[in-house]
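1. Task: produce atomic coordinates for the following.
(one chain, ligands or ions: 1)
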Amino acid sequence: MLSCREVTEQASDYLESTLPWQQRLGIRLHLFLCRHCRRYLRQLRAVTIAFRQMPRPEIPEEVMDKQIDRLRAYFLQPEDGIKKMD
Ligand SMILES: [Zn+2]
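-> Residues are numbered from 1 along each chain as shown. As a prediction, this is how the structure comes out:
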């Protein structure tokens, strides 16, 4: 039988229905017997659905590029110690 770790590693694919039937069957069997993983899957499904229903803000490309540049500068120069992002 699959371990809890294996089930949680495959949980997203299971919810997306992208796993082969043998793996799906293994997960279903595990879920039947393990309430912890059942709860985990239920929460993951709820979060996934909530995330999909969130409105996606339209971010202009130049704003996005500027933010990416700032993040890149911030993370690629750690030798200056801790920097503040403004
Ligand atoms: Zn489990």
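2. would you list every one of the helices in the protein?
-> 4-15, 21-33, 35-53, 61-76 (DSSP state H).
3. Can I get these in a markdown table including distance to the ion?
-> Placement of C-beta: from N, CA and C, glycine included. Output for the helices of the chain, formatted as a markdown table (distance: least, Cβ to the ion, whole Å):
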| stretch | distance to the ion |
| --- | --- |
| helix 4-15 | 3 |
| helix 21-33 | 6 |
| helix 35-53 | 3 |
| helix 61-76 | 36 |
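4. Buried deepest among these, which one?
-> With neighbours taken as mean count of other Cβ atoms under 10 Å, the helices of the chain reach their highest mean count in helix 4-15, at a mean of 16.
5. which residues touch the closest residue to Leu41 other than its chain neighbours?
-> Once flanking residues are discounted, Leu41 sits nearest to Ala11: 5.8 Å by Cβ to Cβ, 6 or more residues apart in numbering. Ala11 sits next to 27, 40-41, 44 when contact means Cβ atoms under 8 Å, 6 or more residues apart in numbering.
6. mind showing which ranges of the chain have poor pLDDT?
-> 77-86 (pLDDT under 70).
7. Nearest the geometric middle of it, what residue?
-> Ser12 (7.8 Å; Cα atoms, centre = their mean).
8. dump the residue contacts of it.
-> Counting by Cβ under 8 Å, 6+ apart, Ser12 makes contact with 44, 48.
9. do that again at 10 Å, thanks
-> By Cβ atoms under 10 Å, 6 or more residues apart in numbering, the contact set of Ser12 is 18-19, 41, 44, 48.
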